[in-house]
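**Student:** I'll drop the sequence and a predicted model, then ask my questions.
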Amino acid sequence: MSDLTIIVGRRTVRELLRHKPENIKQLHIIENSKNLAEIYQLAKEAKIPLKVSSKEQISNLCNGENHQGVMALVKPRASIKLKELLAKLSDKERCRILLLDGVEDPQNFGSILRSAECFSFDAVLYAASKGVGITPTVTKVSVGASELLKIVSVKNLSETIKALKKANFWIITTDNNEKSESLAEFDFPQKSVIVLGSEGKGVSKLVKEKSDFFLKIELSGRIESLNVSQAGAVVMYATQALS
């Protein structure tokens, strides 16, 4: 089990069964649960080994994560390097990539991944040394999007942006400053990288210096700002003309 990833939660496991059942090696499920009937049926159809366990047994296996009565043992996510990703996208005329600069909250990270998958982003990049990584909480909040998306962990944001620009991508940072353009009026380049910053500090100075454009979301209510996952969803939705 040590070489397998633990995935928990009804919705997360259900999406994996629907879209990547071949990645699931074993499923643990509590008995006599009406809420898990669909998962049980999908697992049977995909011929996935199914083990009926107690709630306590599953809790022990997943270190106390809120599993909702189901846990999947999944093949480790296939790793991909930035160079490989850019090679795969080189012939694609229109591309959208998300670059996360230090998102720290796993709930936000998971929500962002969910939006990126819902809006068919080509990949998500994140700085390995800044913010949170792909944890069980992130996977659960993402409703399995972390297992469906191409996700690249990068070491150096400066070098990453340099490589992206060399591959003809434009760097578009969400930040409200004097150079910011209104999202409602912005025309996204065909190869766009959307940058989201951390919850507290926003986008780092280094990334701002290397950005080609800045975007702001103009709000009409009394609350002054959106959190990073909400802002990310709004911007990602706005890029759909490129899909």
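**Tutor:** It's in.

**Student:** list the contacts of the longest helix seen in the chain.
**Tutor:** In the chain, with assignment by DSSP state H, the single longest helix is helix 106-118. Contacts with helix 106-118, where a contact means CB atoms under 8 Å, 6 or more residues apart in numbering, come from 98, 100, 103, 124, 126, 131-132, 135, 137-143, 145-146, 148-149, 151, 196, 199, 227-229, 232-233, 236-237. For glycine as for every other residue, the C-beta is placed from the backbone atoms N, C-alpha and C.

**Student:** tell me the pLDDT at residue 67?
**Tutor:** Model confidence at residue 67, given as pLDDT, is 86.

**Student:** looking at it, it is touching residue 59, isn't it?
**Tutor:** Yes: with contact defined as CB atoms under 8 Å, residue 67 counts as touching residue 59 (6.8 Å).

**Student:** straight-line length of stretch 19-32, end to end?
**Tutor:** 25 Å (CA to CA, to the nearest Å).

**Student:** could you do stretch 130-137 as well?
**Tutor:** In stretch 130-137, first residue to last residue: 17 Å (CA to CA).

**Student:** ok, stretch 170-180 next?
**Tutor:** Terminal-residue distance, stretch 170-180 (CA to CA): 15 Å.

**Student:** for stretch 5-24, same thing?
**Tutor:** Using CA to CA, one end of stretch 5-24 lies 9 Å from the other.

**Student:** in that stretch, what counts as buried?
**Tutor:** 5-10, 12-17, 21, 23-24 (16 or more other CB atoms under 10 Å).

**Student:** and which of those is nearest residue 48?
**Tutor:** Nearest to residue 48 out of the buried residues of stretch 5-24 is residue 24 (CB to CB; 5.2 Å).

**Student:** who does the closest one form a beta bridge with?
**Tutor:** Here residue 24 sits in beta bridges with residue 74, going by DSSP bridges.

**Student:** repeat that for residue 194.
**Tutor:** As for beta bridges, residue 194 partners with residue 98, residue 172 under DSSP bridges.

**Student:** burial count for it?
**Tutor:** 24 (other CB atoms under 10 Å).

**Student:** quick one: residue 36 and residue 72 touch, right?
**Tutor:** No: if you go by CB under 8 Å, residue 36 and residue 72 don't touch, sitting 12.0 Å apart.

**Student:** neighbouring contacts of stretch 230-243?
**Tutor:** Residues beyond stretch 230-243 that count as contacts (CB under 8 Å, 6+ apart) turn out to be 94-96, 98, 111-112, 115-116, 119-121, 174, 183, 186, 188, 190, 192, 194, 196, 215, 217, 225-226.

**Student:** one more: stretch 199-219?
**Tutor:** By CB under 8 Å, 6+ apart, the list of residues contacting stretch 199-219 reads 99, 101-105, 108, 157-158, 161-162, 165, 170-177, 179-184, 186, 195-197, 225-228, 231, 234-235.

**Student:** specify which member of the buried residues of stretch 5-24 is nearest to residue 32.
**Tutor:** So of those, ranked by how close each gets to residue 32 (CB to CB), first place is residue 10, at 15.1 Å.

**Student:** wait, what's in contact with that closest one?
**Tutor:** 35-36, 39, 68-70.
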